[in-house]
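Chemist: Predicted model and sequence below, questions to follow.
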Amino acid sequence: MNKEFSEITGDDTPLTLPSIASPNVSPPRDVHAHIDLVTAAEARVAFPSLPDDMLARIADDMNRQGFGVATDCIHADDLSALRTFIEHKVAAAGGEYIAFAGRESVRGTFLDTLGLSPEFMQACQTIYRKGTGKAPPTVPFYQVLRCLSGKTGEQHAFLFHYDSYVITALVPVIMPKDGKRGDLIMLPNTRGIRSSYFLNLLDKILLDNRLTQVALKRLIHSGYLRPIRVRMLPGNVYFFWGYRSVHANEPCDHDKTRATALFHYANPHAGSRLRGMARSTPGA
């Protein structure tokens, strides 16, 4: 079921948050500038070490308004290289929807590096501890890169779901600036962490069926339900309780690409025998 923050919008009001041009230099200084840039790239960490008070604020925002945000924490050069990777893959797919699951599928990219970043893991573990009051498990991320594009991209919109992992960290890479942007929408914190995989499975069955999906979409379009809508900006990382929150993305225009990386942390039912049986059943 794994598919798809400073202040809250409440409805359609977008969240807006605020590259360095290379100077013209003489040939001799070009060499030194290149060396300086290489050195800076090697020294740069994938994710900054965030102080505890900031992570506590993010966890509080996740509880209070549905999401928290770490602003300007992904370097522009890393985003640029990742955009190039995505644009090539989308073009190879004929301009249609494409997704990558697992760290191996993005090996050698910035997402591979970020998934191994101790600072990024530390941030998620601290948010987990402050949000749940429990010791964070020592487990790797489950990573997904989703690229919505073309007509098939719309088929992956308004698919409301719960994640299987307690924390979802969402990294926007390419976001349309106008038209249909594919904004994240959520009904935050609508359930607690279930005591068993069976209860979790019941929740998902009740949500992941045509009747519920159509009803939620109509209730939102009619204005009866007013989900939290988040306009995401590349460079930020958005955190929310994916396991506890009903969420989806809105569609984006067919001629645009919306690419987001998801880092899922801490599956509370990872050791469940029932989960293992369900995952080994064809079609489960």
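Modeler: Right, received. Where do you want to start?
Chemist: residues making contact with stretch 109-122?
Modeler: 45-50, 74, 78-79, 81-82, 85, 103, 106, 140-141, 143, 145, 169, 171, 261, 263 (C-beta atoms under 8 Å, 6 or more residues apart in numbering). All C-beta spots, glycine's among them, are computed from the backbone N, C-alpha and C.
Chemist: Show me the residues you listed that map onto helices.
Modeler: Residues of the contacts of stretch 109-122 located in helices (DSSP state H): 78-79, 81-82, 85.
Chemist: which among those gets closest to Asp163?
Modeler: Nearest to Asp163, judged by C-beta to C-beta, of the ones in helices among the contacts of stretch 109-122 is Leu82 at 22.2 Å.
Chemist: Leaving out sequence neighbours, find the closest residue to the closest one.
Modeler: Phe110 (4.9 Å; C-beta to C-beta, 6 or more residues apart in numbering).
Chemist: ok, how many other residues are close to the one you found?
Modeler: 21 (other C-beta atoms under 10 Å).
Chemist: what about Glu119, which SS state?
Modeler: The three-state label given to Glu119 by DSSP: H, G, I helix; E, B strand; the rest coil is helix.
Chemist: just the one 3 residues further on next, same as before
Modeler: Judged by three-state DSSP, the three-state class of Gln122 is helix.
Chemist: Would you mind measuring from it to Phe158?
Modeler: Distance from Gln122 to Phe158, counting by C-beta to C-beta, to the nearest Å: 34 Å.
Chemist: Leu111 now?
Modeler: Separation of Leu111 from Phe158 (C-beta to C-beta): 25 Å.
Chemist: okay, the two: which has more neighbours?
Modeler: Shown here are Leu111 and Phe158; by other C-beta under 10 Å, Leu111 has more neighbours (26 against 17).
Chemist: hang on, the more buried one in a helix?
Modeler: Yes: Leu111: assigned to a helix according to three-state DSSP.
Chemist: can you tell me how far it sits from Val173?
Modeler: Applying C-beta to C-beta to Leu111 and Val173 gives a distance of 9 Å.
Chemist: any common contacting residues for those two?
Modeler: Residues touching both Leu111 and Val173 by C-beta under 8 Å, 6+ apart: 82, 145, 261.
Chemist: So which of the residues you listed is the closest to Lys130?
Modeler: Checking those one by one against Lys130 (C-beta to C-beta), the nearest turns out to be Ala261, at 23.3 Å.
Chemist: Quick one: residues in contact with stretch 263-270.
Modeler: 2, 114-115, 120, 124-125, 128, 136-137, 139, 141-144, 163-171, 193-194, 196-197, 200, 242-243, 275.
Chemist: buried set for that stretch?
Modeler: 263-269 (16 or more other C-beta atoms under 10 Å).
Chemist: In strands, which of the residues you listed fall?
Modeler: Among the buried residues of stretch 263-270, DSSP state E puts 263-265 in strands.
Chemist: hmm, back to that, for the ones in helices among the contacts of stretch 109-122, give me JSON lines that also has distance to Val214, neighbour count and pLDDT.
Modeler: Putting these into JSON lines (distance: C-beta to C-beta, whole Å; neighbours: other C-beta atoms under 10 Å; pLDDT from 0 to 100) gives the following:
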{"residue": "Asp78", "distance to Val214": "40", "neighbour count": "20", "pLDDT": "96"}
{"residue": "Leu79", "distance to Val214": "36", "neighbour count": "18", "pLDDT": "96"}
{"residue": "Ala81", "distance to Val214": "40", "neighbour count": "14", "pLDDT": "94"}
{"residue": "Leu82", "distance to Val214": "35", "neighbour count": "23", "pLDDT": "95"}
{"residue": "Phe85", "distance to Val214": "36", "neighbour count": "18", "pLDDT": "94"}
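Chemist: if we take the residues you listed, which one ends up nearest to Thr212?
Modeler: Of those, the one sitting nearest to Thr212 (C-beta to C-beta) turns out to be Leu82, at 34.6 Å.
Chemist: can you pull the contacts of the closest one?
Modeler: 109-111, 173.
Chemist: The chain: helices as residue ranges?
Modeler: Counting by DSSP H, the helices of the chain are 27-43, 52-65, 76-92, 110-115, 118-132, 150-154, 197-207, 210-222, 273-280.
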